[in-house]
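Colleague: Pasted the sequence and its predicted model underneath.
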Amino acid sequence: MNVQLVESIKQLIQALPPEEQNWLKAQLQDSDRPSPKIVDLNSFNGTIQLQQDPLEFQRQMRDEWA
């Protein structure tokens, strides 16, 4: 990686307020965790045929959660 780019990034990070530096550090540490299992979503591929207006169906689905 370009040394000049790395130095520029370091300077930008150091210019951040401490709470933002802490947040960024926490985000970077989270990225060190192993990634979750990859799921093949192709098995869910397809379409549905609605017997009613799609927006009304969406409202009904949302109302179930309220």
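Modeller: Sure, I can see it.
Colleague: could you say what helices and strands the host helix or strand of residue 7 packs with?
Modeller: In this structure, residue 7 is located in helix 3-14 according to DSSP states H and E. When contacts are defined as 3 or more Cβ pairs under 8 Å, 6 or more residues apart in numbering; DSSP states H and E, helix 3-14 packs onto helix 18-30. C-beta: built from backbone N, CA, C; applies to glycine.
Colleague: on that earlier part again, in the helix holding residue 7, what counts as buried?
Modeller: Within helix 3-14, no residue counts as buried by 16 or more other Cβ atoms under 10 Å.
Colleague: how much does it deviate in direction from helix 18-30?
Modeller: Using axes from the mean of the first three to the mean of the last three Cα atoms, to 10 degrees, the direction of helix 3-14 lies 120 degrees away from that of helix 18-30.
Colleague: Would you pull up how far helix 3-14 lies from the middle of the chain?
Modeller: 25 Å (Cα atoms, centre = their mean, to the nearest Å).
Colleague: same question for it, mean pLDDT?
Modeller: Here helix 3-14 scores 89 as its mean pLDDT.
Colleague: got the contact list for it?
Modeller: When contacts are defined by Cβ atoms under 8 Å, 6 or more residues apart in numbering, helix 3-14 is touched by residues 21, 24.
Colleague: In terms of helices and strands, where is residue 52?
Modeller: For residue 52, there is no host helix or strand (DSSP H and E).
Colleague: and residue 57, how many residues sit next to it?
Modeller: Using other Cβ atoms under 10 Å, residue 57 is surrounded by 13 other residues.
Colleague: Give me the distance between the residue lying farthest from the centre of the chain and residue 39.
Modeller: Most distant from the centre of the chain: residue 51, at 33.5 Å, with distances by Cα atoms, centre = their mean. Distance, residue 51 to residue 39, by Cβ to Cβ, to the nearest Å: 30 Å.
Colleague: Grab the CA positions of the helix holding residue 7 and hand them over as CSV.
Modeller: The C-alpha coordinates for helix 3-14 follow below in CSV (Å, rounded to 0.1, in the frame of the first residue of the first chain):
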residue,chain,number,x,y,z
VAL,A,3,3.0,4.9,2.3
GLN,A,4,1.8,8.4,1.7
LEU,A,5,-1.8,7.2,1.7
VAL,A,6,-1.3,5.4,5.0
GLU,A,7,0.2,8.5,6.5
SER,A,8,-2.7,10.6,5.3
ILE,A,9,-5.2,8.1,6.8
LYS,A,10,-3.3,8.2,10.1
GLN,A,11,-3.5,12.0,10.2
LEU,A,12,-7.2,12.0,9.4
ILE,A,13,-7.8,9.6,12.3
GLN,A,14,-5.7,11.5,14.7
